[in-house]
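Undergrad: sequence-free structure coming up:
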């Protein structure tokens, strides 16, 4: 198929890393893949009979036609696609039980929906009501299955906690207190903390992987809102795929991520469990193998394409 990723150029938005994962998985499956965005796209390109993947805040100039299918993450204006008679519209929502913000408001049990592959499901009943598909997608590691290397569990860790991600000081998504608590626990055993902000200092995938592999530990610490919603981003899947120990304070994320992930809601208890298990090579391998089988973008793309 001719597939078009339409949206944020790589490193300009966190969602660009999802598109990067899509690109690798689609090309692996033998599809032709192009990546355009609102401010850089060829006007003489044949946009007929394409499969588009885009994001609702980055699709202003996307060409809509009657022969193409559109997967839209955070589909803020579905009427536009329906009015212009797109061949098929798939609203790609966050794979979580709850959400209430400017984009979506829902409260449901994901387990009641049809699972298309791990981390991808569809609400058939609502899809009939809306007139277009309502799907839910979890993020994944950026590695393809063949890129996993089990020798990574033997990489020597540094006495440094490398945190690569956003830090919020206030509001319903605040996580600064979680990162600070973990950093203080690290400091007590002479482990320093280094923060890399992806918005001001985006890192190449290989650099990010190298830092996460050297990190003393790489927990996935979720704020109260994300824990309530069951938010599933890429951090824990990347950690386990890189040979690190999967740790989180979110029970819903842990339930989804795999049977061997370590979960404690108390940060101190989570830190202690991490210290006890960070060198358990058998545990690391079980986590890595489960991630390889269930949490790559090959799984996610396989699920999404079943909606065609």
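TA: Great, that's in hand. From a predicted model like this one, the values you see are computed outputs, not experimental measurements.
Undergrad: Just the pLDDT at the residue positioned nearest the centre of the chain, thanks.
TA: Residue closest to the mean C-alpha point of the chain, counted by C-alpha atoms, centre = their mean, is residue 139 at 2.4 Å. The pLDDT attached to residue 139 in the predicted structure is 98.
Undergrad: so where does it fall, helix or strand?
TA: When secondary structure is defined using DSSP states H and E, no element contains residue 139, which sits outside every helix and strand.
Undergrad: What separation is there between it and residue 260?
TA: Here the criterion is C-beta to C-beta, to the nearest Å. By it, residue 139 lies 20 Å from residue 260. Quick note: C-beta positions are derived from backbone N, CA and C, even for glycine.
Undergrad: Quick check: buried residues in stretch 202-216?
TA: For stretch 202-216, burial by neighbour count (16 or more other C-beta atoms under 10 Å) applies to 202, 208, 209, 211, 212, 213, 214, 215, 216.
Undergrad: and which of those is nearest to residue 156?
TA: residue 214 (8.0 Å; C-beta to C-beta).
Undergrad: got a list of what the closest one touches?
TA: By C-beta atoms under 8 Å, 6 or more residues apart in numbering, the contact set of residue 214 is 155, 156, 157, 158, 160, 162.
Undergrad: number of nearby residues for the fourth one?
TA: Around residue 158 there are 15 other residues, counting by other C-beta atoms under 10 Å.
Undergrad: Let me know the secondary structure of the nearest residue to residue 106 once chain neighbours are set aside.
TA: By the measure of C-beta to C-beta, 6 or more residues apart in numbering, the closest residue to residue 106 outside its immediate chain neighbours is residue 99, 5.6 Å from it. Secondary structure assignment for residue 99 (DSSP: H, G, I helix; E, B strand; the rest coil): strand.
Undergrad: what does residue 271 give?
TA: Going by three-state DSSP, the secondary structure assigned to residue 271 is helix.
Undergrad: just checking, it touches residue 184?
TA: No: using C-beta atoms under 8 Å, residue 271 is not in contact with residue 184, being 9.7 Å away.
Undergrad: Who has more neighbours out of those two?
TA: Higher neighbour count among residue 271 and residue 184: residue 271, with 21 against 13, using other C-beta under 10 Å.
Undergrad: For the more buried one, give me its contacts.
TA: Counting by C-beta under 8 Å, 6+ apart, the residues that residue 271 touches are 182, 185, 217, 219.
Undergrad: Ok, residue 307 next?
TA: Residues in contact with residue 307, defined by C-beta under 8 Å, 6+ apart, are 88, 90, 116, 122, 133, 135.
Undergrad: if I look at the second one, how far off is residue 292?
TA: Applying C-beta to C-beta, the value for residue 90 to residue 292 is 26 Å.
Undergrad: Also the third one?
TA: Summarising the geometry, the distance separating residue 116 from residue 292, computed by C-beta to C-beta, is 19 Å.
Undergrad: do residue 140 as well
TA: In this structure, residue 140 lies at 11 Å from residue 292, with C-beta to C-beta as the measure.
Undergrad: What ranges does the stretch 151-300 of the chain have for its strands?
TA: Taking DSSP state E, counting those that start in this stretch as the criterion, the stretch 151-300 of the chain carries its strands at 160-164, 192-196, 247-248, 262-263.
Undergrad: out of the ones you listed, deepest packed?
TA: Using mean count of other C-beta atoms under 10 Å, the stretch among those with the largest mean neighbour count is strand 247-248, at a mean of 24.
Undergrad: Tell me which other helices or strands that one touches.
TA: In terms of contacts (3 or more C-beta pairs under 8 Å, 6 or more residues apart in numbering; DSSP states H and E), strand 247-248 is packed against helix 235-241, strand 262-263, helix 267-277.
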